[in-house]
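J.: Here you go, sequence then predicted model.
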Amino acid sequence: MSKIERLPDICGVCGVCVAVCPQNCLKITENVLEILEGCDNCGYCLQVCPLGAIKMEGGK
Ligand code: SF4
Ligand code: SF4
């Protein structure tokens, strides 16, 4: 289960995180970033987000 969380007030829906996710579990639908099943909590998305709009439960 995914421990990552998006912060919708901060996210600019740029798609950078979607492009780097190795599990293809990030998706932009109707201008909202969605986190789908399959996240392995690798943390790449939060490392690349230019706005710091993704955080991981319990740290980072
Ligand atoms: S990289 Fe950050 S700002 Fe861009 S879509 Fe992902 S969460 Fe939103
Ligand atoms: S933590 Fe890794 S697997 Fe999960 S959404 Fe981010 S990039 Fe994808």
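T.: Now that the structure is in, tell me what you want to look at. Ligands and ions are numbered 1, 2, ... in the order given.
J.: Every contact and neighbour count from this point should use C-alpha atoms.
T.: Will do.
J.: ok, what's across the strand from the residue nearest to Ile4 when sequence neighbours are not counted?
T.: Taking Cα to Cα, 6 or more residues apart in numbering, and ignoring the residues beside it in sequence, Ile4 has Met56 as its nearest neighbour in space, at 4.3 Å. Beta-bridge pairing of Met56 under DSSP bridges involves Ile4, Gly59.
J.: near ligand 2, which residues of this protein?
T.: For the chain, the residues in contact with ligand 2 (Cα under 6 Å from any ligand atom) are Cys21, Pro22, Gln23, Cys25, Leu26, Cys39, Asp40, Asn41, Cys42, Gly43, Tyr44, Cys45.
J.: Neighbours of the fifth one, how many?
T.: Taking other Cα atoms under 10 Å as the criterion, the count of residues near Leu26 is 21.
J.: who's in contact with it?
T.: The contact partners of Leu26, by Cα atoms under 8 Å, 6 or more residues apart in numbering, come to Cys17, Val18, Leu33, Glu34, Ile35, Leu36.
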